[in-house]
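Chemist: A predicted structure for the sequence below; I have some questions about it.
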Amino acid sequence: MEPKKVLIHLLFTTAIIYLLALKNVIPGMSVSGLYSALVVAGLMGLLSIAARTILVTSRVPMKLVTLWLFTVVLNTVILMFISQFMDHDQFFIESWLTAFLSALIISGAQTAMHKVTD
């Protein structure tokens, strides 16, 4: 993906994370500000790339890797992972359900963004 598209996707994901927390769309998700949302979005992108690379090189069937549900599950795990290692004043996910619902919205928005920019 070209750098311009990567930046657009990063900023779009940052906005989605920030708005989800700011508007309290999903109770149990909090982010202290736009910078923290940017850090979370960046970490999500890096961890997603790493996870997909590992799965593809370990010969996981491509049907599994390309399914949208797999992306939602992967984003759920990544959000929980990030929440455990970031300062809870900066970013916090209360439960697996909160992470799943957040990942569902983020993944849906990212899929729509990919359709628009590709």
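Modeler: It's in.

Chemist: and the longest helix for the protein?
Modeler: For the chain, the helix with the greatest residue count under DSSP state H is helix 34-57.

Chemist: show me where this structure has its strands.
Modeler: Listed in chain order, the strands of the chain (DSSP state E) span 29-31, 91-93.

Chemist: check which helices and strands the last one sits against.
Modeler: The elements that strand 91-93 packs onto, with contact taken as 3 or more CB pairs under 8 Å, 6 or more residues apart in numbering; DSSP states H and E, are strand 29-31, helix 34-57, helix 68-85. All C-beta atoms are positioned from the backbone trio N, CA, C, and that covers glycine.

Chemist: that strand: partners in the sheet, and parallel or antiparallel?
Modeler: Taking DSSP bridges as the criterion, strand 91-93 forms sheet pairs with strand 29-31 (antiparallel).

Chemist: from the middle of its chain, how far away would the partner strand be?
Modeler: In terms of CA atoms, centre = their mean, to the nearest Å, the centre of strand 29-31 is set 13 Å apart from its chain centre.

Chemist: check stretch 83-94 too.
Modeler: 14 Å.

Chemist: stretch 15-24 now?
Modeler: 12 Å.

Chemist: which helix or strand in this structure has the lowest average pLDDT?
Modeler: Here the helix or strand of the chain ranked lowest by mean pLDDT, DSSP states H and E is helix 62-66, holding a mean of 61.

Chemist: could I get the helices and strands packed on strand 91-93 in a markdown table, plus columns for mean neighbour count and distance to E2?
Modeler: Formatted as a markdown table, those follow (neighbours: other CB atoms under 10 Å; distance: least, CB to CB, whole Å):
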| stretch | mean neighbour count | distance to E2 |
| --- | --- | --- |
| strand 29-31 | 22 | 28 |
| helix 34-57 | 16 | 15 |
| helix 68-85 | 17 | 21 |
